[in-house]
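Engineer: Sequence and predicted structure are below.
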Amino acid sequence: MYEPKMKETDRDVIEFIEAVEHPKRREDAYRFLDIFTLITGKQAKMWGPSIIGFGSYHYKYDSGHEGDAPVVGFSPRKARHSLYFMLDSTERDKLLTNFGKHKASKGCVYVNKIEDINLEVLEELIRETVEHIDELYGID
């Protein structure tokens, strides 16, 4: 039976951040933690081995595949921070034009350091994602 890799765990978020080797990446992780917590109003939880997520929702695709996921999240990876947003691609692309230095893929936005980005746009990306997920699936 399929067992999803990304599921909420009991791992302590602060212990995870404290284990981040690079001091600057660890400092940025604490700043992201504060921002995501403030904007979502949700307590941070670990999802899988390395994603700090806020809120949760249950999805079910037309294919029948279903699962749970955090509404928004981030991960202080070795090379850069991964930020997780799920927005309509047009809205996301519009917001990212003023975001600052980043790279983006379908589900992630990658930043080297928090000083490279516009924090007001980060807050808007979080807000818009929360609204989008709530409209599509409802938020737990």
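Structural biologist: Yep, that arrived.
Engineer: in the protein, which helix or strand is least confident?
Structural biologist: Of all regular secondary-structure elements in the chain, judged by mean pLDDT, DSSP states H and E, the least confident is helix 89-96 with a mean of 90.
Engineer: For the helix or strand immediately after that helix in the chain, which outside residues touch it?
Structural biologist: Using DSSP states H and E, the helix or strand that follows helix 89-96 in sequence is strand 103-104. Taking contacts as CB atoms under 8 Å, 6 or more residues apart in numbering, the residues outside strand 103-104 that touch it are Arg80, Arg92, Leu96, Val109, Tyr110. For the C-beta atoms, the positions are set from N, CA and C on the backbone; glycine is no exception.
Engineer: And strand 103-104, how far out from the chain middle?
Structural biologist: Taking CA atoms, centre = their mean, to the nearest Å, the mean C-alpha location of strand 103-104 is offset from the chain mean by 14 Å.
Engineer: Show me the shaky parts of this protein.
Structural biologist: Across the chain, the stretches falling below the confidence threshold (pLDDT under 70) are 1-5.
Engineer: quick one on the thing from earlier: which of the contacts of strand 103-104 sits closest to Phe36?
Structural biologist: Distance to Phe36 across the contacts of strand 103-104 (CB to CB) is lowest for Val109, with 13.1 Å.
Engineer: where does the closest one land in three-state SS?
Structural biologist: Following DSSP: H, G, I helix; E, B strand; the rest coil, Val109 is assigned to strand.
Engineer: mind listing what the nearest residue to it once chain neighbours are set aside touches?
Structural biologist: Closest residue to Val109 apart from its sequence neighbours, by CB to CB, 6 or more residues apart in numbering: Leu83 at 4.5 Å. Contact criterion CB under 8 Å, 6+ apart gives Phe32, Gly73, Phe74, Cys108, Val109, Tyr110, Val111, Leu122, Leu125 as the residues in contact with Leu83.
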